[in-house]
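Enquirer: dropping a prediction and its sequence here:
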Amino acid sequence: MPRNLTAQFITALNEAELRPVILLDLEFESSTVLLWNGVGELLWDGKTYLGNGWFQGHSPIKENGEVNPQGVSVVLTGIPPSLLSLVLQQTSQNKVATLRLGLLDTSYQVIPDPTIIYQGKIDYPEIIEDSEEPTIKIAIENILLDMDRPRNHRYTKQSQRDIFPDDEGFDTVEPIQKFDGKWGGRKNRKKNRRKKNRKNREG
């Protein structure tokens, strides 16, 4: 997959010493959790990524020349009860998770700009039982998988109101389907023609 890499990033890749990092954005219903796989806080793009050991890494990211979407999972461990509650109660399949590969300079600042190595929709969290610290594995689906899902939306009043409560655009769909009359019969066309001719003669 082609990457839109900045000149600074390409230059850093050619250096003898690399300082790679992984940045993780996890979207939930009420907030976005920002983590990275280092220690301390990491600033990038006006956001603060936490490096407190919660983010333990991700499964291998596989790519091939075929349209064969592969999923990825990330592992969180030692997370506090507040984050555990967030993951379990506010995980939605409409939210997105993003993994980025970044490089640090000699001052351990982020080199513009980290590149996205994987992005997909959060699928489900799996709790791995541990007596010492809770561990959660979060599956991330490739966005291409959404193409195979059946669409349950219908062109009906109720289906449209479920998405847009104030939209009345489909209110007449059902009555039209049940309509059993004629749209402008021949009798009406003759009557309208006579009226038009009479008006032309009087004018």
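Expert: Alright, I've got the coordinates. Numbering: from 1, shown residues only.

Enquirer: which helix or strand contains residue 162?
Expert: Taking DSSP states H and E as the criterion, residue 162 maps to helix 157-163.

Enquirer: which residues in this protein form helices?
Expert: Under the criterion DSSP state H, the chain contains helices at 7-13, 81-89, 157-163, 173-177, 186-202.

Enquirer: any idea which of the ones you listed scores lowest on pLDDT?
Expert: Mean pLDDT values for those show the minimum at helix 186-202, a mean of 64.

Enquirer: so what strands line up beside the longest strand seen in the chain?
Expert: Criterion DSSP state E: the longest strand present in the chain is strand 115-128. Using DSSP bridges, strand 115-128 pairs in its sheet with strand 96-103 (antiparallel), strand 135-142 (antiparallel).

Enquirer: ok, back up a step: return the distance of the helix holding residue 162 from the chain's centre.
Expert: 22 Å (CA atoms, centre = their mean, to the nearest Å).

Enquirer: who are the packing partners of that helix?
Expert: On a contact count with 3 or more CB pairs under 8 Å, 6 or more residues apart in numbering; DSSP states H and E, helix 157-163 meets no helix or strand. Every residue, glycine included, has its C-beta placed from N, CA and C.

Enquirer: buried set for it?
Expert: Buried positions in helix 157-163, judged by neighbour count with 16 or more other CB atoms under 10 Å: 157, 160.

Enquirer: can you list contacts of that helix?
Expert: Identification of contacts with helix 157-163 by CB atoms under 8 Å, 6 or more residues apart in numbering yields 153, 167, 169, 170, 171, 173, 174.

Enquirer: low-confidence regions, this structure specifically.
Expert: For the chain, applying pLDDT under 70 flags the ranges 1-3, 63-69, 130-131, 143-155, 179-197, 199-203.

Enquirer: how's it carved up into domains?
Expert: Using automatic domain parsing, the domain parsing of the chain gives 7-148, 157-202.

Enquirer: please work out which of those is packed deepest.
Expert: For those, average neighbour numbers computed from mean count of other CB atoms under 10 Å are highest in domain 7-148, which has a mean of 15.

Enquirer: and that one, how far out from the chain middle?
Expert: Computed by CA atoms, centre = their mean, the chain-centroid distance of domain 7-148 equals 14 Å.

Enquirer: residue 9 and residue 110 touch, don't they?
Expert: No. Residue 9 is beyond contact range of residue 110, at 10.1 Å (criterion: CB atoms under 8 Å).

Enquirer: give me the common contacts of the two.
Expert: Shared contacts of residue 9 and residue 110 (CB under 8 Å, 6+ apart): residue 103.

Enquirer: once you drop chain neighbours, what's closest to the residue most central in space within the chain?
Expert: Per CA atoms, centre = their mean, the C-alpha nearest to the average position across the chain is that of residue 96, at 4.0 Å. Spatial nearest neighbour of residue 96, excluding adjacent residues (CB to CB, 6 or more residues apart in numbering): residue 27 at 5.2 Å.

Enquirer: need the contact list for that neighbour.
Expert: 95, 96, 97, 122.
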